[in-house]
Every structure is written in structure tokens, then in C-alpha cells.
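Novice: from the sequence below, what's the structure:
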Amino acid sequence: MEEEPGKKLSEAVAVELKELQRCGLILGNRMKAPLKAFTNTIEKVEEFLNLASVTVMPAERDDRQKMLNSVAESMEVVSEFSVGVLPEDTLEHHLRSLEGVVKTFVWLLSSDPLSTMKKEKEPLMEMLRPLKQKGVTGDPVHVDWANALESIYDKIEGFVITECPEGVVWKIDTEP
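Specialist: Numbers count the residues shown, from 1 in each chain. Below is the predicted model:
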């Protein structure tokens, strides 16, 4: 039996998620809830991909979006953590970078997921740049954080290239 697609994605990013958890412990309690929400989003994406692989694709886009509600809600939770954080607060860059990676999951609704992901890459790299600079002049945990998120993006992109280049893979309808 072939491995579930969502599990493939989760396994691809597992090492980087552990690195984010390690960095989060160093950065302090303020990162605990955002990291949990980020991890939850990846789990929701895994569940959706696994469900899609055993479900015939709904004909209507709205029906597909309904199936993605738990992913969308989880993505929104991650985004809400950066609301009200001041630009001079280093935490803002960490929270915005989590949000930047989560935004890449919009490919789940796209018929051209690679283009969709590429549109999100440059803004994400812009969010990571200040963290990499802070790590050079101060605490290397910021660089570790940025590198882990960049690697997660790369692994998601690699997953899309190999597993879903034309969009989410749904079960083939074999009934007449």
C-alpha cells in the first residue's frame, strides 16, 4: 500500500518542525502558542491531503473549499498572532515568518500550485531576511529559526513538485 500523501508531507518537514520547537523554547513562552498553531496547520493539511486521496473530487469549488475549512481556520489562527506586534519587536519577524509559510498552503485550492507557491516565496524571504541579519549580529537562534522555515518552504515546494504538480490529488472516480 502506498504511503498517504499527507503523511509524506509531514515526514518531509518533521526535522525542521523539531528545530522550530527547539528555537521556540529558546525564544520563550511567547512563541509556544504560535508554534502550536503552526504545527496544527501542518497536521490539518496532512488530514486534508489524506482525505482527498480517498475522496472523489467534488465538482464545485465551494465544496472543495468547505473540505478545507479546518485548514483555513488553522491558518487564520497563525496569522492572528502577529496582529498588534510592534515592528521593532523581534518577535514580529518570527510570527510573520510563520504566517508567511502558512500562506503557501493556498496552493491546495490552485490548479497551478507551483505558480501559487512561487508568488508566496519572495514575501517569505523578505520576512526571513531580518532574522538572518539579527543572527549575524547577535543570537544565532534567529538564523536557526529562519533556516528551519526556509527549509520547510523548500520541502513543501518539493512535495508539490513531486506529488501534486497539477493540484491536490483526488481519488479517481471508477464508477460508471
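Novice: state which helix of the protein is the longest.
Specialist: In the chain, assigned by DSSP state H, the helix with the most residues is helix 113-137.
Novice: other SSEs contacting it?
Specialist: helix 90-103, helix 141-163 (3 or more C-beta pairs under 8 Å, 6 or more residues apart in numbering; DSSP states H and E). Glycine gets a C-beta too; all of them are placed from N, C-alpha and C.
Novice: format the ones you listed as CSV; extra columns: mean neighbour count and mean pLDDT.
Specialist: CSV is the format used below for the helices and strands packed on helix 113-137 (neighbours: other C-beta atoms under 10 Å; pLDDT from 0 to 100):
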stretch, mean neighbour count, mean pLDDT
helix 90-103, 22, 89
helix 141-163, 19, 95
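Novice: please name the residues that touch the one residue sitting closest to the centre of the chain.
Specialist: In the chain, the C-alpha nearest the mean C-alpha coordinate belongs to Val102, at 3.7 Å (C-alpha atoms, centre = their mean). The contact partners of Val102, taken as C-beta atoms under 8 Å, 6 or more residues apart in numbering, are 38, 41, 75, 78-79.
Novice: between these, which has the most around it?
Specialist: Phe38 (27 neighbours; other C-beta atoms under 10 Å).
Novice: spatially nearest residue to that residue (excluding sequence neighbours)?
Specialist: Take Phe38 and drop its neighbours on the chain: the residue closest to it by C-beta to C-beta, 6 or more residues apart in numbering is Leu98, 4.9 Å away.
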